[in-house]
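J.: the sequence and its predicted three-dimensional model are supplied below.
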Amino acid sequence: MPKFLVQRWHGMHIVWALVLIFMLTVALAWYQWLLGLLGLVLGGLVAVYGILAEKAFRNDLNDYVLTLSHRIKNVGNEVIGQLPFGIVVYNEEKEIQWHNGFITTVIGKPSVVGESLFTHFPVLQQTAKDKEAGIEITISGRVYELLLRSKERVIYVIDITDRWMLKKRYDEEKLALGIVMMDNLEEVAQGMDEQQRALMLSKVTGEINEWSQKYGLFLRRLSSDRYMVITNLITLKNLEQSRFELLDDVREITIEQKLPMTLSIGFAAGADNANELSHLVQGSLDIALGRGGDQAVVKVGQRQSYYGGKSNAVEKRTRVRARVISHALRDLMKESDNVIIMGHKMPDMDSVGAAIGVMKAAQLYGKEAYIVLEGINPAIQRMMDMLKEDEKLMKRFILPEHALGLIGKRSLAVVVDTHRSTMVAEPRLLQATERIVIVDHHRRSEEFIDDAVLVYMEPYASSTCELVTELLQYIHERVVLDVREATALLAGITVDTKSFAFRTGSRTFEAASFLRRNGADSVLVQRMLKEDLEEYIRKAEIIRNAVVTYRESIAIAAADSGKPISQLLIAQAADTLLNMTGIKASFVIGLRSDGLVGVSARSLGHINVQVVMERLGGGGHFTNAAAQLQGTVTEVMTKLEQTLYELEKEEGLFE
């Protein structure tokens, strides 16, 4: 027991003794005053002793408190110094005023008092003042979390290396699922005997097996042309770093074939469960196929990456799919109250021609059909002048506001020449009905109208008008087109093929032949495509300013006169540049009338311009693509050059 407590115990007894003496003194004094006086003296002595004891108690108590405070302070300092995390106190000038011993081991200096906070924690310069959440930093190979308490001007530094490593390992070992598919097995195998077919399949299968063994993949054959791949996220990253070399290897070993074998690969990772992962990987494969095949699409979380795509889409030799799609479209039209058709913003001849073809299909079954068109741009001015001669046909072109009043839940919305919801003439129409059909010939991009009930996307096709023309041949037993309707469809094919010079196949000429039999006027198409002298001069000025770069094979031109030009003129300038000797790809940039900067890209097939335009937020085909951006022509030019440089560095775009 502490000494001061013993003294306090004695003091309490002295008080009781004084009380007792006082009572005895009063009683004795009543009988004899001499005894009372003696009791009084005795009580005084006891009182003096009590005062001295109380004083001694207080002195001992103070000594005890001081000793205890000192011990507690020493223990506190020792505890703070031995804490498994750091504490930094700083002033308003962001100078370190105090820190515990943990900071010494983190920074590697005995003391950093008086030094700037940003010298040792530069990440704090970019951090908002009111941010209290943790910030991860790496110092000398260790990972730390900074917890800011700006009101108290205190920072806690916690070593989370072990936790970070565990999380990294967990993420890297997450399940990744893939599907490898032979794009054109049937097309390549046509004309082969069984021995040749078996030999070719053996080569391709052997290449796929070697690839799986090289990267430690689990490979299981699902069908004659499809494989399932199971791996983890870290291995998937290695596959991405190799840029899926399997695509090139398979194409090279089958190059002697008239049509080389190509693969499409879809991968996905990062899903919460296997069921969701299976949907993601199938979606990745669909995108790879929708973009023309011969490429890999990887979906990890919100990130979607593309690899390959170095060859043009192979034309399908069978029309089975066209017949199946036409019958499905026919049934949808029969079950709908009306049909609303729309193309992309700033429509071209392919968009308008395809819309007219779909409208004709709906009318064959007695359905009211309308085409959404907002404004007439120079690209379709001559076509619209031709269509105005038919008053009944022109009444079918309506504004978006009118279309919103006509569309209902049982209406059929048909989107032509695009598959991106942000590119359609009126996005709100897609929300007004659950019955959406997409007919497009562009390579599929990341953005897609997911809730479509019927999708007909064939990137091998020259134009959407070609696809619609094929559908018309199967959708009804007797299809009779008006001259203007057939001419509009032929004009769309002619424009997108540059008068049948690019991206044409046997089915392109078959579609054109069908239209000619139905009265399409090729002379009228050529009149539509005539250029004004003023536009020709402006195009010549753009071409004159072109710069040839990247191994003297890429031409880049910018129309930076300050005056808006049409998207058609930008595209025509890119087409003209591509005809120059030695030019493998051309890019033309110009300010459009809507305030956006348009970029048109063309290629002879050596360079995938679609990949370039996708980096700029656009899209298109292997040899024909475009993009629209915010900013100035100079800014877009700089961005385009930077994109070309990055793609050349990443995957040798110009090899």
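T.: Sure thing, it's come through.

J.: mind checking which helix or strand A557 is in?
T.: strand 554-559 (DSSP states H and E).

J.: can you list the strands that that strand pairs with?
T.: Applying DSSP bridges, strand 554-559 is found paired with strand 547-549 (antiparallel), strand 585-591 (parallel).

J.: how about I208, phi and psi?
T.: Taking degrees, to the nearest 10, you get phi -70, psi -40 for the backbone angles of I208.

J.: what number of residues lie near it?
T.: Using other Cβ atoms under 10 Å, I208 has 21 neighbouring residues. From N, CA and C alone the C-beta is placed, and that goes for glycine too.

J.: what's the burial count for E92?
T.: 6.

J.: mind listing what the residue nearest to it when sequence neighbours are not counted touches?
T.: Distances taken as Cβ to Cβ, 6 or more residues apart in numbering place R153 nearest to E92, at 7.4 Å, with adjacent residues excluded. By Cβ atoms under 8 Å, 6 or more residues apart in numbering, the contact set of R153 is V89, Y90, N91, E92.

J.: state the helix or strand in which the first one lies.
T.: Think V89. Taking DSSP H and E as the criterion, V89 maps to strand 85-90.

J.: list the contacts for the nearest residue in space to L280 that is not next to it in sequence?
T.: Leaving aside its chain neighbours, L280 sits nearest to A268 (3.6 Å; criterion: Cβ to Cβ, 6+ apart). Shown in contact with A268 (Cβ under 8 Å, 6+ apart): A176, L177, G178, L277, L280, V281, G283, S284, V298, K299, V300.

J.: next step: these restricted to strands.
T.: The strands, defined by DSSP state E, take in A176, L177, G178, V298, K299, V300 from the contacts of A268.

J.: closest one of the residues you listed to N209?
T.: N209 has its nearest neighbour among those in G178, at 14.6 Å by Cβ to Cβ.

J.: got the domain ranges for the chain?
T.: With domains defined by automatic domain parsing, the chain comprises 3-81, 85-164, 173-308, 320-528, 533-651.

J.: pipe those into CSV and attach mean pLDDT per row.
T.: Formatted as CSV, the domains of the chain follow (pLDDT from 0 to 100):
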stretch, mean pLDDT
domain 3-81, 60
domain 85-164, 82
domain 173-308, 87
domain 320-528, 90
domain 533-651, 86
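
J.: out of the ones in strands among the contacts of A268, who's nearest I537?
T.: Nearest to I537 out of the ones in strands among the contacts of A268 is V298 (Cβ to Cβ; 47.1 Å).

J.: of all the ones in strands among the contacts of A268, which comes closest to E240?
T.: Distance to E240, by Cβ to Cβ, is smallest for V298 among the ones in strands among the contacts of A268, at 6.1 Å.

J.: okay, now the closest one: neighbour count?
T.: Neighbours of V298 under the rule other Cβ under 10 Å: 24.

J.: quick check: it vs L399, distance?
T.: Counting by Cβ to Cβ, to the nearest Å, the gap from V298 to L399 is 42 Å.

J.: please look at V424 and P347 and confirm they touch.
T.: No. The criterion here is Cβ atoms under 8 Å, and V424 misses it with P347 at 10.4 Å.
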